[in-house]
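# this is a predicted model, with the sequence first.
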Amino acid sequence: MEETAKISVTGTDSNIPVTETWLRKHRLIYDGATRHPFIVSIRDGSVDFSSFKRWLGQDYIFVRSFVPFVASILMKSWKESTDESDMEVILGGMASLNDEINWFKNEASKHHVSLTSVVPQNANINYCRFLESLMSSEIEYPVAITAFWAIESVYQQSFAHCLEEGNRVPQELKETCERWGNEGFGAYCDSLRGIVDLCLQKASAEVTAKAEVFFLSVVEHEVEFWNMSIGDASM
Ligand SMILES: Cc1ncc(CN)c(N)n1
């Protein structure tokens, strides 16, 4: 039988989901976020506690900006999505944020971090401005849901890495790693990824290209967020 040539041009091969294409194409940058030195230091127990406390305070500020961003995704899915189940997945993510805010307050008081006196650092200010820009009506639903999946997925893969066999996560940080590294959150990220792939199958090449740019922007913001968490050791 004649051998059929297997041609896979990046992004246009309909057999490979778009997110798979991106993760292969941008493996280095993506690993730079999910295997960041800050994450590796949590995994091997070498993280210093001041970095963890800095991250905790900054991430609380981020999550408060993340709530309206997720609400805007809900609105876009209601207006633009052809698949009703999208809304339920996004709503599930939204609901967990209510619990998340309380988790931060609880964790902060445990570690004597005053959330009211946390000053947002530049990387955080930039990231929150980026979230706000995604809420504009100029940002199509496929682009916004791509950013949402990327934001959640970087955290899931980062903290799942911390929980892998042989980790030496300090007892005080175990709960944090479990929060985003657990299987349930992994399944939720897979659902978001499924929505992104389905959306982008129907999207124009232009929207798909725009979604890829925003995917990369999220990964860069996540790397900056980890860099900020490590902070200036000399401080
Ligand atoms: C910076 C950042 N990125 C992602 C997540 C997970 N929602 C988070 N809490 N903070």
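On my side now, so go ahead.

# and for the residue in the chain that the ligand sits nearest to, nearest residue in space, chain neighbours not counted?
Distances between the chain and the ligand by Cβ to the nearest ligand atom are smallest at Tyr155, namely 4.0 Å. Placement of C-beta: from N, CA and C, glycine included. Nearest residue to Tyr155, sequence neighbours excluded (Cβ to Cβ, 6 or more residues apart in numbering): Trp180, at 4.4 Å.

# likewise Met135?
That would be Ser72: by Cβ to Cβ, 6+ apart, it lies 4.0 Å from Met135.

# where's that neighbour, which helix or strand?
helix 49-80 (DSSP states H and E).

# distance from that helix to the middle of the chain?
Its chain's C-alpha centre and that of helix 49-80 lie 10 Å apart, by Cα atoms, centre = their mean, to the nearest Å.

# wait, the residue nearest to Tyr155 sits on Ser158?
Yes. With contacts counted by Cβ atoms under 8 Å, Trp180 reaches Ser158, the gap being 7.3 Å.

# geometric centre of this protein: which residue is closest?
Ile151 (1.8 Å; Cα atoms, centre = their mean).

# okay, helices next: where are they in this structure?
Per DSSP state H, the chain carries helices over the ranges 18-25, 27-34, 37-43, 49-80, 85-110, 122-134, 141-162, 171-181, 183-202, 205-230.

# what packs against the fourth one?
With contacts defined as 3 or more Cβ pairs under 8 Å, 6 or more residues apart in numbering; DSSP states H and E, the packing partners of helix 49-80 are helix 37-43, helix 85-110, helix 122-134, helix 141-162, helix 171-181, helix 205-230.

# for this protein, give me the ranges with low pLDDT.
1-14, 232-235 (pLDDT under 70).

# and for Ala147, the neighbour number?
23 (other Cβ atoms under 10 Å).

# next one: it from Ser72, what distance?
According to Cβ to Cβ, to the nearest Å, Ala147 stands 11 Å off from Ser72.

# same check on Trp22?
The value you get for Trp22 to Ser72, if Cβ to Cβ is used, is 23 Å.

# for this structure, which residues are neighbours of the ligand?
Asp59, Phe62, Val63, Phe66, Ile151, Glu152, Tyr155, Phe225 (Cβ under 6 Å from any ligand atom).

# rewinding a little: settle it for me: which of Trp180 and Ser158 has more neighbours?
Ser158 (23 against 20).

# ok, the more buried one - contacts?
Ala33, Thr34, Arg35, His36, Ile39, Trp180, Gly181 (Cβ atoms under 8 Å, 6 or more residues apart in numbering).

# ok so, going back, so which of the helices and strands packed on helix 49-80 gets nearest Leu198?
helix 85-110 (8.6 Å; Cβ to Cβ).

# check which helices and strands that closest one is in contact with.
So helix 85-110, by 3+ Cβ pairs under 8 Å, 6+ apart, packs with helix 49-80, helix 141-162, helix 171-181, helix 183-202.

# the first one: which residues count as buried?
Translated: helix 49-80. 51-62, 65-66, 69-70, 72-73, 76-77 (16 or more other Cβ atoms under 10 Å).
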